[in-house]
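A.B. asks: just to be clear, the model below is a prediction. Sequence and coordinates:
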Amino acid sequence: MGSGLQTIPLANLALAFIPVAIVVVIMLRWSLNAGSGLFSVGRMLIQLALIGYALNWIFASDSAVVVTSLLTVMLLFASWIAMRPLEKRQWHDFGRALISIVIGGCLTLALITLFVLEVQPWYSPRQVIPLAGMIFASSMNTVSLSAERLAAEQQRGTDPVEARKLAYQAALIPLLNMLLAVGLVSLPGMMTGQILSGISPLIAARYQIMVMCMVTGASGISAAVYLSLAIRKRI
């Protein structure tokens, strides 16, 4: 295989929607909300098309201001989405999520870009934005899981410290499962993409180790900060 990925013709790309169409048909046959599935697929298409054009412009601009602004927007959306499972969302919940993801995510992003990859310049959009996306998304999911479990434990009247422990344990389950399964059950997206592009599997494995460490660390730190802030007034 060559050193670069081939461009997928649109006609070939359309074939990838066959399994999705099967899922929608199953939803229809089982009297589920197939409209939500179609809406999600349509939204995915629009979002990815728009981000493709946007990233082309961002990469071409090579501006620290543009990259920093985009990272800020990503953090705000990640924090807002993280609180979605809560039935009674308040502004201080959003603030806690934002602080948590900033602490866990941004510190990890800085470590990886400045000292592991030694990105030059520090705001290089081709490296910083994809890495930030992985870190913020994983932190968002872990904070969301911890927030949902903490709220459930609080409704049961669980002791705050015990509730924090149970919420943190539950939030870490997907991360720990991912660490246990990688290489045995799955080849993660970054490693698969690099192998498909012709990079040595040994080199791809190093990058994937970096990714697994950064998302686990950032997510675990973010969830711990959120839970600590959430029960601070209850201890």
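C.D. replies: Cool, the structure landed.

A.B. asks: tell me where the chain has strands.
C.D. replies: Secondary structure of the chain (DSSP state E): no strands located.

A.B. asks: which parts of the least confident helix or strand in it by mean pLDDT are buried?
C.D. replies: Scoring the helices and strands of the chain by mean pLDDT, DSSP states H and E places helix 189-196 at the bottom, with a mean of 81. Buried residues in helix 189-196, counting neighbours by 16 or more other C-beta atoms under 10 Å, are found at Met190, Met191, Gln194, Ile195. Where you see a C-beta, it was placed from the backbone N, CA and C, and this is true even at glycine.

A.B. asks: what's the answer for stretch 106-124, then?
C.D. replies: Buried, per 16+ other C-beta under 10 Å, within stretch 106-124: Cys106, Thr108, Leu109, Ile112, Thr113, Val119, Tyr123, Ser124.

A.B. asks: show me the contacts for the residue nearest to the fifth one when sequence neighbours are not counted.
C.D. replies: To tie it back to what came earlier, the one meant is Thr113. In space, and not counting its chain neighbours, Thr113 is closest to Val119: 4.4 Å by C-beta to C-beta, 6 or more residues apart in numbering. If a contact means C-beta atoms under 8 Å, 6 or more residues apart in numbering, then Val119 has Thr113, Gln127, Val128 as its contacts.

A.B. asks: ok, so of these, who is nearest Leu86?
C.D. replies: When those are ranked by distance to Leu86 (C-beta to C-beta), Val128 comes first, at 30.3 Å.

A.B. asks: low-confidence stretches in this protein?
C.D. replies: The chain contains residues with pLDDT under 70 at 1-6, 233-235.

A.B. asks: what residue of it is the furthest out?
C.D. replies: Centroid-distance maximum for the chain: Arg29 at 32.0 Å, with C-alpha atoms, centre = their mean.

A.B. asks: show me what contacts that one?
C.D. replies: By C-beta under 8 Å, 6+ apart, no residues touch Arg29.

A.B. asks: and it, how far is that from Val23?
C.D. replies: 11 Å (C-beta to C-beta, to the nearest Å).

A.B. asks: cool, Ile81 as well?
C.D. replies: Computed with C-beta to C-beta, the distance linking Ile81 and Val23 is 23 Å.

A.B. asks: mind listing the helices for this protein?
C.D. replies: All helices of the chain, identified by DSSP state H, fall at 10-15, 18-29, 34-61, 64-82, 91-101, 107-111, 125-155, 160-181, 189-196, 201-230.

A.B. asks: domain map for this protein?
C.D. replies: Using automatic domain parsing, the domain parsing of the chain gives 1-61, 64-230.

A.B. asks: deepest in the core, which of the ones you listed is it.
C.D. replies: Of all the domains of the chain, domain 64-230 has the most neighbours on average by mean count of other C-beta atoms under 10 Å, namely a mean of 18.

A.B. asks: end to end on that one, go ahead and measure it.
C.D. replies: By C-alpha to C-alpha, to the nearest Å, the extent of domain 64-230 from end to end equals 33 Å.

A.B. asks: next, name the residue at the spatial heart of the chain.
C.D. replies: The centroid of the chain falls nearest to Ala137 when counting by C-alpha atoms, centre = their mean (1.9 Å).

A.B. asks: ok, it - contacts?
C.D. replies: When contacts are counted by C-beta under 8 Å, 6+ apart, Ala137 is found next to Ala78.

A.B. asks: fine by me, we can end here.
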